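S.K.: My questions concern the predicted model and sequence given below.
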Amino acid sequence: MDTLLNFPRTINAYSYEDYKRQVIACAEAGRTSGQDQLPERIGATKINAQRMKRIDKQLVLSGEIERIMGHVNKPWTWILLAESWCGDGAQNIPVIARLSSLSPYIELKIILRDENPEIMDAYLTRGARSIPKLICLDAVTNQEIGTWGPRPFKIQEMVKTYREENPNVPHEIFVNNLHLWYAKDKGESLQEDFEQLLFQWTSN
């Protein structure tokens, strides 16, 4: 993998528990992360706080992903770009955090997208600042090992098909369907993604 040039070793970053507390605090205060305090983002933050709490309680990891996580034996830093208003983030970040907790070699650092435009712009998805976006770095050399995001592959394929078949669907209906897919999926698609990624990353 290429090294991300000038990737800062010291950035304003949160652990998962600190990030979740920030999301909940924003929700309770009627705010959202970032400078754009838009009503739709504030509303999404309130919903996301509840989503994260629910996923933390209900998430069940597969035996396979737990086994694969046990093979991580090199120090990694997982940089995860996020914002409190992002619905995909609320669905996936708790799962990623649980995965990272399975290995003493992994440190998860959650950073805010809009506070880190240079990092975000180095990891665009089809030209867009799509989040969540995970960057796996070698903690010693600061070299990039791999990336993931912003959605699990299976769910992204469902989104692609749905948009092709319903090009004029209102955004609100699309979002409702997206979160129904996540609810039915229960984090399984993300775990499948990481089963493949971790095999690749640990083989480097």
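M.R.: Done, it's in. The shown structure was predicted, so the numbers you read here are calculated from the model rather than taken from an experiment.
S.K.: Can you tell me the closest non-neighbouring residue to the most centrally placed residue in the chain?
M.R.: With distances taken as Cα atoms, centre = their mean, the residue of the chain nearest its centroid is Pro132 (3.7 Å). Leaving aside its chain neighbours, Pro132 sits nearest to Gly89 (4.4 Å; criterion: Cβ to Cβ, 6 or more residues apart in numbering). No exception for glycine: its C-beta is placed from N, CA and C like everyone else's.
S.K.: So the most far-flung residue of the chain relative to its centre, which state does it fall into?
M.R.: Using Cα atoms, centre = their mean, the residue of the chain lying farthest from its centre is Asn168. It sits 27.4 Å away. Secondary structure, DSSP: H, G, I helix; E, B strand; the rest coil: Asn168 is coil.
S.K.: For it, give me the pLDDT.
M.R.: pLDDT for Asn168: 93.
S.K.: How about stretch 93-113, which residues are buried there?
M.R.: In terms of neighbour count (16 or more other Cβ atoms under 10 Å), stretch 93-113 has its buried residues at 93-100, 102-103, 106-113.
S.K.: Dump it to PDB, keeping only the CA atoms.
M.R.: What follows is stretch 93-113, C-alpha atoms only, in PDB (Å, rounded to 0.1, in the frame of the first residue of the first chain):
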ATOM      1  CA  ILE A  93     -19.200   2.600  13.900                       C
ATOM      2  CA  PRO A  94     -20.400   0.600  16.900                       C
ATOM      3  CA  VAL A  95     -19.600  -2.600  14.900                       C
ATOM      4  CA  ILE A  96     -16.200  -1.400  13.900                       C
ATOM      5  CA  ALA A  97     -15.500  -0.400  17.500                       C
ATOM      6  CA  ARG A  98     -16.500  -3.800  18.800                       C
ATOM      7  CA  LEU A  99     -14.200  -5.400  16.200                       C
ATOM      8  CA  SER A 100     -11.300  -3.200  17.200                       C
ATOM      9  CA  SER A 101     -11.800  -4.100  20.900                       C
ATOM     10  CA  LEU A 102     -11.100  -7.800  20.100                       C
ATOM     11  CA  SER A 103      -7.400  -7.100  19.500                       C
ATOM     12  CA  PRO A 104      -4.900  -5.400  21.800                       C
ATOM     13  CA  TYR A 105      -2.900  -4.500  18.700                       C
ATOM     14  CA  ILE A 106      -5.600  -2.100  17.400                       C
ATOM     15  CA  GLU A 107      -6.200   1.500  18.500                       C
ATOM     16  CA  LEU A 108      -9.300   3.100  17.100                       C
ATOM     17  CA  LYS A 109      -9.200   6.800  16.600                       C
ATOM     18  CA  ILE A 110     -12.400   8.500  15.500                       C
ATOM     19  CA  ILE A 111     -12.000  12.000  13.900                       C
ATOM     20  CA  LEU A 112     -14.500  14.400  12.600                       C
ATOM     21  CA  ARG A 113     -14.700  14.700   8.800                       C
END
